[in-house]
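Trainee: Provided below for reference: sequence and predicted model.
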Amino acid sequence: MNKIKYSLTFLLILFVTASTIFGSGGNRNGTAGATQLLIPVGARSIGLSGSTLTTTAGVEALYWNPANVVRGSHSADVMFSQTSYIADIGVTYGAITANIEGFGAIGFSIKTLAIGDIEKTTVDNPDGTGSTFSPQFVTVGLTYSTLLSDRISVGITANLITEQIDLVSATGFSFNAGVTYNNLANIDGLSFAVVMKNIGPQMRYDGSGLYTTAETPNFARSAQLYKIDAATFELPSTLEMGLGYQLNVGDQNSLAISTLFQNNNFDADMYKIGAEYNYDNLLYLRGGYTFAPELSSDERVYGFTVGGGLKYVVGGMDFRLDYAFQDTKYFDGNNVITIGIGL
């Protein structure tokens, strides 16, 4: 009974926090910073349009719902993912989790962006100075997840965010928190989850790149260096609620359907749906779609997703290979490949 009270208290805290953060989200579209936090990872979940708050487990759940990390079937799990993102941005993600009996599960993750070299320009050289710089964006996460009962699990992730663009940089922290309830209303296979992501203080850029030279030509005074104070920016927080159902057909076939409502503090609300067919825990076929009814057709960047996966067991180790394709309106689409090993 105490564990149920704790989970209800946890849910209440999530909703109270959400009411203060998401009051005017749709009115501030595109004004958040650190938006690399929103770039999804993992081919399985991307193939389901990110609707998998209830259906991910273990290392795959680190990004999507930290409450489900403890529900993994392995004592240790490793995952590596590579994404060809919008405008040829490379997204590399690596994660590892460990299930410790009587304690819960812990996880570590790191996500980096490879943007490539950008040519430097100045006021005096708008066509380029001949030199280049390469922006660096890194997010490192540490997760703890535990079961409150056989039905209820909770989890929290602390993220360290670092951004560097030439001679300026910013560092900040964010938190993700989630709770999952399995066998909702005593219906086997029906699950519900609530997750809040990217909750944290504002960030600000600093560094020598903010210094500029100012001259006073009418005074006998040499040029002086002045520092420009960069404005602070908020994180792109989200509140997500998901519902999922898994139907087993015989011993070899199953179908999992997952849905998601996502409320964004700096973007329009989104609705996501996905379905996964599983044959004998060996072959997986997936598809999904994202709806954003508040956006016009020109503003809707993402559409359908498709994907598939293979799992093979060798000597007690699970080897997983997953692929996903995400359709994008103005680009060639995103290709994601994920490799996983369960021990």
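Mentor: In hand now; what should we look at?
Trainee: in the stretch 201-343 of the chain, which spans are strands?
Mentor: Using DSSP state E, counting those that start in this stretch, the strands found in the stretch 201-343 of the chain span residues 211-214, 224-227, 238-249, 253-264, 270-279, 283-291, 302-314, 317-328, 334-342.
Trainee: Any chance of JSON lines for these, columns mean neighbour count and mean pLDDT?
Mentor: Quick note: C-beta positions are derived from backbone N, CA and C, even for glycine. Shown next, in JSON lines, are those (neighbours: other C-beta atoms under 10 Å; pLDDT from 0 to 100):
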{"stretch": "strand 211-214", "mean neighbour count": "10", "mean pLDDT": "81"}
{"stretch": "strand 224-227", "mean neighbour count": "10", "mean pLDDT": "82"}
{"stretch": "strand 238-249", "mean neighbour count": "18", "mean pLDDT": "94"}
{"stretch": "strand 253-264", "mean neighbour count": "19", "mean pLDDT": "95"}
{"stretch": "strand 270-279", "mean neighbour count": "19", "mean pLDDT": "96"}
{"stretch": "strand 283-291", "mean neighbour count": "19", "mean pLDDT": "95"}
{"stretch": "strand 302-314", "mean neighbour count": "17", "mean pLDDT": "92"}
{"stretch": "strand 317-328", "mean neighbour count": "18", "mean pLDDT": "93"}
{"stretch": "strand 334-342", "mean neighbour count": "20", "mean pLDDT": "94"}
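Trainee: Now distance to S75 too, for those strands, in JSON lines please.
Mentor: Converted to JSON lines, the strands of the stretch 201-343 of the chain look like this (distance: least, C-beta to C-beta, whole Å):
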{"stretch": "strand 211-214", "distance to S75": "52"}
{"stretch": "strand 224-227", "distance to S75": "52"}
{"stretch": "strand 238-249", "distance to S75": "23"}
{"stretch": "strand 253-264", "distance to S75": "24"}
{"stretch": "strand 270-279", "distance to S75": "22"}
{"stretch": "strand 283-291", "distance to S75": "23"}
{"stretch": "strand 302-314", "distance to S75": "15"}
{"stretch": "strand 317-328", "distance to S75": "11"}
{"stretch": "strand 334-342", "distance to S75": "9"}
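Trainee: what about those, which gets the closest to G58?
Mentor: Nearest to G58, of all the strands of the stretch 201-343 of the chain, is strand 334-342, at 7.1 Å by C-beta to C-beta.
Trainee: Give me the number of neighbouring residues for E299.
Mentor: By other C-beta atoms under 10 Å, 13 other residues sit near E299.
Trainee: Residues contacting stretch 290-310, please?
Mentor: Stretch 290-310 is contacted by residues 26, 43-44, 46-50, 268-274, 282-289, 320-330, 336 when judged by C-beta atoms under 8 Å, 6 or more residues apart in numbering.
Trainee: try stretch 72-88
Mentor: 39, 41-43, 46, 57-61, 90-99, 105, 113, 116, 318, 328, 331, 334-343.
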